[in-house]
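[1] any chance you can model this:
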Amino acid sequence: MTNKVKAMFQPDAARHSSDPSLHADALRRAAWTRTAIAVAIAAFTTAAAARDNRPAVPDFSHAPAATQAMLAKAKPVTARHAMVVSDQHLATDAGVQILKEGGNAIDAAVAVGYALAVTQPCCGNIGGGGFMTIHLANGEDLFLNFREKAPLKATPNMFLDAKGNVVEGRSTDTYLGVGVPGTVMGLDAALKKYGTMSISQVIQPAIKLAREGYVLEEGDAKIINNDLEALNKYPESAAVFGNGGKPWKAGDRVVQKDLANTLEKIAKGGTDAFYKGSIAEAVVKASDAHGGILSMKDFASYNVEWKKPLQCEYRGYTILSAPPPSSGGTTMCLALNILKPYPVADWGYASTKFVHYFAEAERRAFATRNTYLGDPDFVKIPMQKLMSASYAASLRATIKPDKATPSSEIKSFLPPSEGNNTTHYSVMDSHGNAVAVTYTINFLFGIKQIAGDTGFYLNDEMDDFTAKPGASNGAGLVQGKADAVEPGKRPLSSMTPTVVLKDGKPFMLSGSPGSATIISTTMQSIINVVDFGMNMQQAVNAPHIHMQWYPDAVYVGPGLLTPESKQQLEGMGYTLKERHLGVLESILVNPKTGLLEGASDPHRSAGSAAGY
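    Residues are numbered from 1 along each chain as shown. As a prediction, this is how the structure comes out:
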């Protein structure tokens, strides 16, 4: 034990007095204190371990050998006090910086949100919207809805031609696809109500990254290069990310002076600078010039909503997630309610039995999602019925133990009464505050256009509405009238920022990009930890499953199934399609060690987990 550490256990009087009796008495008291602390720590650890009834060692034996080896090596980043996990390492660093400067998890989450708008322009944004799920150290649970809204001039048939057919690209590639952005107001609302720092403090890392530039990682360059041709079609976009048509590479520096100027306006003027000043004016002017319908009234009338998160229970854990207009929490909790009675842990990760029942639970949950969910300000949603044990039981009863149910046989179950390129991040501080944020501009770089000199990409979130009931949107989801376009309405979303509690304390934070697959990957991260006993990095890295009712196919991550399992599932009637699913950014509080485990999905290689 070093002198410094010894001094920490010695009362001030013992360290400074020359009286031997006082010194001896103080040392006895210090020894008692050390013993009491050791006993308390041991008791806490023992109690935590006793409450942790998850499998002691995860079983990967049903997965292919290469997947077993990969998962056996997967280790999370650990920290004692606080953790930030995001898709881009510089944004993660910005959040950690704010925490070390004395900010709380909300301060750090806002800082990460603005930093991602700079370093991950495909997905991080100030031109889109999203959701925030919060658990405060005082026990309060909150949900912030800053989803985009349809412009006031929007109409149900705006994406159809004269014959009533959907016009391809109108909702994704033009200014008609732009919803009124909510990110700036959402981040500001969270900061003002529960943060401890000013907007000028938390936005400073983002301004510096934009003005001085940031160096691309290989993953950053890949994302830009995937859409390089489209980004070069528009002069404002080409000026920043066009690179003269040449592919970007790791080590290149991206400077965004226009975006830095916009962020500085927000730092000085807050939400008014964005929604009532020159920024909104530039967006409306560009919209007018390109056939859009955005107006200054749309920006001035935009609002965010504070709500209670959707809550459900799963094997002794409390799950807090996104309520409508997100479908994420509802669909995930419904699927978990269906799975709850089954011995999932006994079946094992990647077993054919688990894949079968998981896919069938999702098939039924997504049928419900696509039929009944929408913006609750416009649609009456029977939430109490959807979340009831009896409803889950009625769906469970229709699952055949050895056969896939054709989606054509799955209709609505009740009596009559995103883009693929989102981003998620998780933050937890030393006080016990936990924040999960998912926000988006829908497809990569939204409509691929920047309005004037604003420096940021605009969303194509209007594609998340139902352009025509029965027709699939860009995510392949077939939805009903509940999500039809209406003025001022928020489109249905799959974003699922989730906080999991154990005994009222944060146990896990998770979420993902990936449109409809968000729900599947977020749910499986929970199952991987709770049922299969994985550490956080294993739960993130493990190949996932997705089934969304239509198309009638089960998507499986590369490396999930052995040839034997694949053959068995196909024999049960499944059509299997292989693709990577989701990009999880998650945190786990290890109940045995008390350490925070941070895990960033390696498939988005520029991401990172960091803490202290």
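[2] how about stretch 260-274: buried residues?
    Across stretch 260-274, burial judged by 16 or more other C-beta atoms under 10 Å covers 260-267, 269-271, 273-274. Backbone N, C-alpha and C define where each C-beta goes, glycine included.
[3] if you could redo that for stretch 198-217, that was the one I meant.
    So, applying 16+ other C-beta under 10 Å, buried residues of stretch 198-217: 199, 201-211, 213-214, 216-217.
[4] ok so, going back, spatially, which two of the buried residues of stretch 260-274 are the most separated?
    Ala260 and Thr271 (18.7 Å; C-beta to C-beta).
[5] mind giving me the domain split of the protein?
    The record's domain split for the chain, according to automatic domain parsing, is 3-51, 65-159+418-611.
[6] before we move on, back to that, show me the buried residues of stretch 260-274 that map onto helices.
    When the buried residues of stretch 260-274 are checked against helices (DSSP state H), the matches are 260-267, 269-271, 273-274.
[7] confirm that Phe143 sits in a helix.
    No: the assignment for Phe143 by DSSP: H, G, I helix; E, B strand; the rest coil gives strand, which leaves it out of any helix.
[8] thought it was touching Pro324?
    No: if you go by C-beta atoms under 8 Å, Phe143 and Pro324 don't touch, sitting 10.7 Å apart.
[9] higher neighbour count, the two?
    Pro324 (26 against 23; other C-beta atoms under 10 Å).
[10] what sits against the closest residue to the more buried one other than its chain neighbours?
    For Pro324, ignoring the flanking residues on the chain, the nearest one in space by C-beta to C-beta, 6 or more residues apart in numbering is Pro376 at 4.8 Å. Counting by C-beta atoms under 8 Å, 6 or more residues apart in numbering, Pro376 touches 323-325.
[11] and what of Arg363?
    405, 407, 410, 547, 549.
[12] in three-state terms, label it for me.
    helix.
[13] and Ser200, by the same measure?
    helix.
[14] just the pLDDT at it, thanks.
    Note on Ser200: pLDDT of 97.
[15] which residues are in contact with it?
    267-268.
[16] same check, this time on Thr318
    311-312, 500-502, 504.
[17] just among the residues you listed, which is most surrounded?
    Those, ranked by neighbours (other C-beta under 10 Å): first place Val500, 25 neighbours.
[18] which phi and psi does that one have?
    According to degrees, to the nearest 10, the main-chain angles of Val500 amount to phi -110, psi 130.
[19] do Ile224 as well
    phi -70, psi -40.
[20] what is the neighbour count of the closest residue to it other than its chain neighbours?
    Using C-beta to C-beta, 6+ apart and skipping the chain neighbours, the partner closest in space to Ile224 is Trp248 (5.1 Å). Per other C-beta under 10 Å, the neighbour tally for Trp248 reads 19.
[21] sketch out the helices for the stretch 301-450 of the chain, chain order is fine.
    Applying DSSP state H, counting those that start in this stretch to the stretch 301-450 of the chain gives helices spanning 328-339, 344-347, 352-372, 383-386, 389-396.
[22] give me the angle between the first one and helix 389-396.
    Just to be clear, that refers to helix 328-339. 70 degrees (axes from the mean of the first three to the mean of the last three C-alpha atoms, to 10 degrees).
[23] between helix 328-339 and helix 352-372, how big is the angle?
    Helix 328-339 runs at 140 degrees relative to helix 352-372, counting by the same axes, to 10 degrees.
[24] helices or strands next to helix 328-339 in the packing?
    Using 3 or more C-beta pairs under 8 Å, 6 or more residues apart in numbering; DSSP states H and E as the contact criterion, the elements in contact with helix 328-339 are strand 310-314, strand 317-321, helix 352-372, helix 383-386, helix 389-396, strand 498-502, helix 517-530.
[25] try it again with 10 Å
    strand 129-135, strand 310-314, strand 317-321, helix 352-372, helix 383-386, helix 389-396, strand 498-502, helix 517-530 (3 or more C-beta pairs under 10 Å, 6 or more residues apart in numbering; DSSP states H and E).
[26] isn't Lys297 up against Pro151?
    Yes: using C-beta atoms under 10 Å, Lys297 makes contact with Pro151 at a distance of 9.0 Å.
[27] need the overlap of contacts for those two.
    Common contact partners of Lys297 and Pro151 (C-beta atoms under 10 Å, 6 or more residues apart in numbering): Val180.
[28] report the buried residues of stretch 308-326.
    Those would be 309-312, 314, 317-326, for stretch 308-326 by 16+ other C-beta under 10 Å.
[29] wait, which of those residues is closest to Asn535?
    Once C-beta to C-beta is applied, the member of the buried residues of stretch 308-326 that ends up nearest Asn535 is Tyr317, at 16.4 Å.
[30] contacts only, for that closest one.
    336, 500-503, 507-508, 526, 529-530.
[31] and what of Ile518?
    Counted by C-beta under 10 Å, 6+ apart, Ile518 has contacts 322, 326-328, 331-332, 418, 420, 422, 424, 438, 440, 475, 493-497, 511-512, 546, 581-584.
[32] low-scoring pLDDT stretches of the stretch 1-150 of the chain, where are they?
    1-51 (pLDDT under 70).
[33] I'd say Val486 and Ala150 touch.
    If you look again at residue 486, you'll see it is Glu, not Val. Yes: between Glu486 and Ala150 there is a contact under C-beta under 10 Å: 6.5 Å.
[34] the more surrounded of these two?
    The neighbour count for Glu486 versus Ala150, taken as other C-beta under 10 Å, is higher for Ala150 (24 against 18).
[35] quick check: Arg159 vs Asn138, distance?
    Careful, residue 159 is Phe; it's not Arg. Distance check for Phe159 against Asn138: by C-beta to C-beta, to the nearest Å, it reads 45 Å.
[36] farthest-separated two in the contacts of Tyr317?
    Leu336 and Asp503 (19.0 Å).
[37] more crowded one of the two?
    Neighbour count, other C-beta under 10 Å: between Leu336 and Asp503, Leu336 has more, with 22 against 12.
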